[in-house]
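> show me how the following folds:
(one chain, ligands or ions: 1)
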Amino acid sequence: MKQIQTVKSMQHLAARLRRQGKTVGFVPTMGALHEGHMSLIHAARKACDIVIVSIFVNPTQFGPAEDYTTYPRTLKADAALCRRAGVDFLFCPAVKEMYPSGFQTFIQVEKLSQGLCGPFRPGHFRGVTTVVLKLFQILQPHQAFFGQKDYQQSRIIRQMVQDLALPIRVIILPTMREADGLAMSSRNAHLSREERRAASVLYQALKLAKERIRQGKNSSEMVRKNILDLLHQEPLVRLEYLEIVNSEDFKETKEIAGHILIAIAAWVGKTRLIDNIRINIRPKNANGS
Ligand code: PAF
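Alright, predicted model coming up:
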């Protein structure tokens with residue numbers, strides 16, 4: 001596995017791989033790799049001739065009061081994991097490579113960035129789409145792999161790819177979870193033992209919602225209440241939002257039908273966690289039933 005630091009050498013390599021007719025799979029990350037990232041890397045390894053992983057803690061997607069400086073940085077261990085997983089190239093540019101002085105071009109997917117995490121993290125998705133588009137431009141991948149845990153991010157990137165007619169297939173893979181259901185995240189490392197125990201209530205609440213829906217509950221309000229009742233039993237968890245929306249356009253839904261996303265963001269101590277589930281429920285009157 002070769003590590004590449006500069007945009008120029010990455011561009012040269014990308015052009016060479018294209019000339020050789022190789023299919024390139026790309027896994028963009030901010031490092032502190034865990035099983036969630038590894039599942040994306042394994043999928044890329046299966047699907048493509050060449051796998052490129054990027055590790056770049058992107059400053060433009062962090063707000064001024066957010067955890068940019070304390071975000072875990074574990075490049076050596078990450079590189080070892082990538083090598084073992086058969087990654088061909090690791091792209092880890094410095095901030096000034098990606099944002100040279102005078103940088104002033106940003107990209108924004110308008111509507112999909114407005115709901116869910118949008119109001120709580122102003123500018124976050126603008127930073128994500130800007131860096132992902134720039135990485136796509138540099139690497140020229142055929143396929144790019146994202147995790148469902150950051151569902152809003154993945155949906156926004158898919159929209160950007162569609163709107164700008166980028167010849168890239170965006171693949172969204174299921175959330176990887178710890179034994180108690182907690183969604184794997186680089187930020188879990190910040191949780192104390194007590195907080196780590198408490199954090200599992202997020203997935204328990206989502207699972208409960210799924211169960212209620214499968215039992216036939218189709219009112220968002222009722223399901224919301226079930227989720228809130230469970231979350232309120234855990235005093236270490238401070239809910240930021242709970243949304244039951246259509247998973248395509250993120251519009252709120254009163255009746256649970258069609259493609260639904262239930263998304264939660266919550267603070268556990270000083271750590272902000274997100275999780276979600278997607279459910280597909282046929283409307284009651286579909287096919288005359
Ligand atoms: O999901 C992440 O790790 C980041 O938001 C991404 C997609 C690598 C962009 O910085």
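
> okay, helices next: where are they in the chain?
7-19, 35-47, 75-84, 95-98, 124-139, 151-163, 193-199, 201-214, 220-231 (DSSP state H).

> including mean pLDDT, mean neighbour count and distance to the ligand, could the ones you listed go into TSV?
Backbone N, C-alpha and C define where each C-beta goes, glycine included. Compiled in TSV, the helices of the chain are given as follows (pLDDT from 0 to 100; neighbours: other CB atoms under 10 Å; distance: least, CB to the nearest ligand atom, whole Å):
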stretch	mean pLDDT	mean neighbour count	distance to the ligand
helix 7-19	98	15	15
helix 35-47	98	19	8
helix 75-84	98	15	12
helix 95-98	98	14	10
helix 124-139	98	21	5
helix 151-163	98	20	6
helix 193-199	98	16	19
helix 201-214	97	19	18
helix 220-231	97	16	25
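
> make CSV out of those and add distance to Ala265.
CSV is the format used below for these (distance: least, CB to CB, whole Å):
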stretch, distance to Ala265
helix 7-19, 33
helix 35-47, 17
helix 75-84, 26
helix 95-98, 27
helix 124-139, 12
helix 151-163, 10
helix 193-199, 12
helix 201-214, 9
helix 220-231, 12
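
> to Asn276, which of the ones you listed lies closest?
helix 151-163 (5.0 Å; CB to CB).

> helices and strands around the closest one, which ones?
helix 124-139, strand 143-147, strand 169-173, strand 258-268 (3 or more CB pairs under 8 Å, 6 or more residues apart in numbering; DSSP states H and E).

> what's the closest of those to Met1?
Judging those by CB to CB, what sits closest to Met1 is helix 124-139, at 15.3 Å.

> and the closest one, what does it pack against?
helix 7-19, strand 24-29, strand 50-55, strand 89-91, helix 151-163.

> for Arg193, which of these is the nearest?
Of the helices and strands packed on helix 124-139, nearest to Arg193 by CB to CB is strand 24-29, at 26.4 Å.

> centre of the chain versus stretch 84-101, how much separation?
19 Å (CA atoms, centre = their mean, to the nearest Å).

> neighbouring contacts of it?
Contact with stretch 84-101 is made by 1-7, 10, 13, 31, 38, 41-42, 45, 50-56, 58-60, 75, 78-79, 82, 131, 134-135, 138-139, as judged by CB atoms under 8 Å, 6 or more residues apart in numbering.

> what do you get for stretch 67-74?
So stretch 67-74 is contacted by Met30, Gly31, Ala32, Leu33, Val57, Pro59, Phe62, Ser186, Arg187, Ala189, His190 (CB under 8 Å, 6+ apart).

> skipping adjacent residues, who's closest to Gly147 in space?
Once flanking residues are discounted, Gly147 sits nearest to Gly36: 5.2 Å by CB to CB, 6 or more residues apart in numbering.

> got a list of what that neighbour touches?
Per CB under 8 Å, 6+ apart, neighbours of Gly36: Gly147, Lys149, Thr175, Met176, Ala183, Met184, Ser185.

> roughly how far does Ser220 sit from Glu252?
8 Å (CB to CB, to the nearest Å).

> identify the contacts common to those two.
Contact criterion CB under 8 Å, 6+ apart; residues shared by Ser220 and Glu252: Ile244.
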